[in-house]
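Asker: Sequence and predicted structure are below.
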Amino acid sequence: MVAQGTAGRVTRRRAHTRANLLDAAFSVFAAKGFGRVPIEEVCEAAGYSRGAFYSNFATLDELFFALYRQRADLIAEQVSGALALDGPDADVAAAVDRVAGVLLLDRDWLLVKTDFLVHAARDPAVARSLLEHRARLRQAIAGRLARARTALPAVFGGPDGAARAVVAAYDGVATQLLLDRDVEHARAWLRQLLTALLTDGGGTPGQDPDENPDENP
């Protein structure tokens, strides 16, 4: 029987090993691309044996998805925190500023994410998992936008449509960042794009669709 203290140390050591493998994989995937990196290279970068790898992951695909999930969860948390629109003065324009300021715009991550998207497009099971994570991100955004005191543009049909637009804008800005490597410009452009999408383009909310348009000049 394993003593409780020993079991705890084993668990912490395994978690530490797993974290190191993920960090090493991130570096080598960003540098060379998923599909061009064998398990041995990930192990070498992390300073572990193949045995350590297989005690944490069954395949390189499993490690790759764990890496994606780690970063996707971080982005969802960032968005949830930025869109905490529970205050009495909460509005969409303020949310845009917060989201644009915190969304992860890291070029190495975007390289890895792009590899993962291509991989998922060719594997239906991986694609389903990816779609589930993207849905979680949209739901986090939609939930906060639904509590905003200002109206969203009617064209979106509600918070879910607006959340899809936010994710699409982020994806587009991320693609541009991969090419021009200008993070400062990417963040400024994301802020401008989200402002145009979620407000009237000038930082003020769209007209409430329940309002009578004849009453507004």
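Answerer: That came through, no problem.
Asker: State the next helix or strand along the chain beyond the lowest-mean-pLDDT helix or strand in the chain.
Answerer: Within the chain, no helix or strand scores below helix 92-102, which has a mean of 74 by mean pLDDT, DSSP states H and E. Per DSSP states H and E, helix 92-102 leads on to helix 107-121 as the next helix or strand towards the C-terminus.
Asker: Buried residues in that following helix, which are they?
Answerer: Residues of helix 107-121 classed as buried under the neighbour-count rule (16 or more other C-beta atoms under 10 Å) are 109-113, 115-116, 119-120. For the C-beta atoms, the positions are set from N, CA and C on the backbone; glycine is no exception.
Asker: what do you get for stretch 174-191?
Answerer: Applying 16+ other C-beta under 10 Å to stretch 174-191 flags 174, 177, 186-187, 189-191 as buried.
Asker: what about that stretch, start to end distance?
Answerer: One end of stretch 174-191 sits 13 Å from the other (C-alpha to C-alpha, to the nearest Å).
Asker: same question for that stretch, mean pLDDT?
Answerer: The average pLDDT within stretch 174-191 is 88.
Asker: Tell me the gap between that stretch and the middle of its chain.
Answerer: Centroid separation for stretch 174-191 versus its chain: 15 Å, with C-alpha atoms, centre = their mean, to the nearest Å.
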